[in-house]
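Chemist: the following comprises the amino acid sequence and a computationally predicted model.
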Amino acid sequence: MALTFTENSPSQLTISYSSGKDMVLTNDPSNPTSIPSFAPGSKVLIKGTLYAQVPESSYGGVDASPDPVTYTMARSPVSGAVNEGTVVAFTVTASDGSTSPYPYTVSGISSPDLNPSGTSLTGTGTTGTAVPFTLANDLTTEGSETMTFTIPGSYSGPQQSLSIPISDTSTTPGGGGGGGSGPFLVLGPLSAPYITYPNSTGGINNVWFRRSIIRYNLTGPELSTAGMSGPTTLNSITWANINVPTRPTQPNFTILLAPTSNPSTNSIGVSPQTVVRSQSPYTWTSVGPTTFPFTTPWTYPGSNGIQVTVIWGQVNPNYASSGQMKFRAPGSMYYARTDGSGFYPSLQGTPQATNTGRPITEFN
């Protein structure tokens, strides 16, 4: 059977059969829903823009199969590198909005790089729902890493993998007296035995009372033992979190540092203080070392000690009997606390104290 195609005009095409039966296809902008008639039993596939104004489902004898489902990937945070201790997440979304399971693998890191350690690097996600991971503050120097989240090639889309660079911000603790190269673990090590105070005792992550000011001193000899042997610029502070408070968000969480010659048993606030973490909420998310990058780096002058002050505003909706850290003797940590609203001034007196012990502290 021979077919002859004749363009009668820009809007009309005639298809002639050798048997003499013709079909005329007309593109009529004034009547876009008109459909040509075909002889019984004929099969014609029409594609392109001839009837672009009419939904495919309205065509008679036309291929109206649905578009194939494609998949897109997104990460949180949406761009840039992240620090260890950060919660990251990956989301796979289907173009038809469906929610269905899919397998994934994680590469570029190992299970101990995640918190809790041993978190599987393979699993099953659900389209439309984020898959979260907490990066561990592992106190291990391994250099920068790249975490890659991959789905099988059968899930067609713009990409089958998405990556997040990880900065090595929780490195192997330094110590022992020299060089001035961090990190500097003061009152270490992190391993037992260490002091754990009950939840009713004040602490940096403790909200037994809804707002607090915490203060403690680290002496010159202690800093020197940790490796701070001269003027040193500090960019972060880390504390060893034993459990997460059940009211995990502390409003206006602020950290201040000051040089001091006071011994570790002295609770008096000293000047000049520098705000190294500006007022902003902080939410505790996991156990283990928790690092606070400084919004303003601070330089230790190289002699005497450091006074650490931490303040936060009123926790909502109320107090909670939770939140503990690792402490080590000697010396004491001092605090004042209340359930009332407001924010303590940075030189506020701190009349209460631990019997002995201060938070194990790492600077970097």
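Modeler: Alright, I've got the coordinates.
Chemist: quick check: pLDDT value at T238.
Modeler: On the pLDDT scale, T238 is placed at 95.
Chemist: which residues in the chain form helices?
Modeler: 220-225 (DSSP state H).
Chemist: quick one, domains of it?
Modeler: For the chain, the structural domains run 3-58, 71-167, 184-363, going by automatic domain parsing.
Chemist: now find how far off-centre the longest one is within its chain.
Modeler: Domain 184-363 has its C-alpha centroid displaced from the chain centroid by 23 Å (CA atoms, centre = their mean, to the nearest Å).
Chemist: hey, which of the domains of the chain is tucked in deepest?
Modeler: Of all the domains of the chain, domain 184-363 carries the top mean neighbour count, a mean of 18, counting by mean count of other CB atoms under 10 Å. From N, CA and C alone the C-beta is placed, and that goes for glycine too.
Chemist: that one: end-to-end distance?
Modeler: 5 Å (CA to CA, to the nearest Å).
Chemist: P297 against N235, yeah?
Modeler: Yes. Between P297 and N235 there is a contact at 5.1 Å, judged by CB atoms under 8 Å.
Chemist: can you flag the weakest of the domains of the chain by average pLDDT?
Modeler: domain 3-58 (a mean of 54).
Chemist: list the beta-bridge partners for the nearest residue to S163 once chain neighbours are set aside.
Modeler: Leaving aside its sequence neighbours, S163 sits nearest to T148 (CB to CB, 6 or more residues apart in numbering; 4.5 Å). For T148, the beta-bridge partners are S107, S163 (DSSP bridges).
Chemist: residues in contact with T148?
Modeler: Residues near T148 by CB atoms under 8 Å, 6 or more residues apart in numbering: V106, S107, G108, S161, L162, S163.
Chemist: save these as a markdown table, and put in distance to R358 too.
Modeler: Shown next, in a markdown table, are the contacts of T148 (distance: CB to CB, whole Å):
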| residue | distance to R358 |
| --- | --- |
| V106 | 38 |
| S107 | 41 |
| G108 | 37 |
| S161 | 45 |
| L162 | 42 |
| S163 | 40 |
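Chemist: from these, which single one is nearest S229?
Modeler: G108 (36.1 Å; CB to CB).
Chemist: dump the residue contacts of the closest one.
Modeler: Listed by CB under 8 Å, 6+ apart, the contact set of G108 reads E145, T146, M147, T148, S163.
Chemist: what's the distance between it and A130?
Modeler: G108 sits 19 Å away from A130, going by CB to CB, to the nearest Å.
Chemist: for S111, same thing?
Modeler: S111 sits 20 Å away from A130, taking CB to CB as the criterion.
Chemist: ok, R211 next?
Modeler: On the measure of CB to CB, R211 and A130 end up 32 Å apart.
Chemist: what does T119 give?
Modeler: 15 Å.
Chemist: can you check V106 too?
Modeler: 14 Å.
Chemist: then Y282?
Modeler: 21 Å.
Chemist: equivalent analysis for Q348, please.
Modeler: 41 Å.
Chemist: OK, contacts around the residue lying closest to E145 once chain neighbours are set aside?
Modeler: Excluding its sequence neighbours, the residue lying closest to E145 (CB to CB, 6+ apart) is I166, at 4.6 Å. Going by CB under 8 Å, 6+ apart, I166 touches A81, V82, N83, E84, I109, D113, L135, S144, E145, T146, M147.
Chemist: just send these back as JSON lines, with distance to P231 too.
Modeler: Formatted as JSON lines, the contacts of I166 follow (distance: CB to CB, whole Å):
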{"residue": "A81", "distance to P231": "28"}
{"residue": "V82", "distance to P231": "30"}
{"residue": "N83", "distance to P231": "25"}
{"residue": "E84", "distance to P231": "26"}
{"residue": "I109", "distance to P231": "35"}
{"residue": "D113", "distance to P231": "33"}
{"residue": "L135", "distance to P231": "31"}
{"residue": "S144", "distance to P231": "27"}
{"residue": "E145", "distance to P231": "31"}
{"residue": "T146", "distance to P231": "34"}
{"residue": "M147", "distance to P231": "36"}
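Chemist: ok, those residues vs A320, which is closest?
Modeler: Within the contacts of I166, the smallest distance to A320 is 25.6 Å, found for L135 (CB to CB).
Chemist: okay, the closest one and L347: tell me how far apart.
Modeler: Distance from L135 to L347, by CB to CB: 36 Å.
Chemist: again with A258
Modeler: For A258, the distance to L347 - CB to CB - is 10 Å.
Chemist: need the overlap of contacts for the two.
Modeler: G269, S271, Q273.
Chemist: need those residues in a markdown table with distance to Y155, can you?
Modeler: Below are those laid out as a markdown table (distance: CB to CB, whole Å):
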| residue | distance to Y155 |
| --- | --- |
| G269 | 58 |
| S271 | 59 |
| Q273 | 54 |
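Chemist: tell me which of those residues fall in strands.
Modeler: Judged by DSSP state E, strands contain none of these.
Chemist: between those, which is closest to S170?
Modeler: Q273 (26.1 Å).
Chemist: from memory the closest one sits against S346, does it?
Modeler: Yes. With contact defined as CB under 8 Å, Q273 reaches S346; the gap is 5.4 Å.
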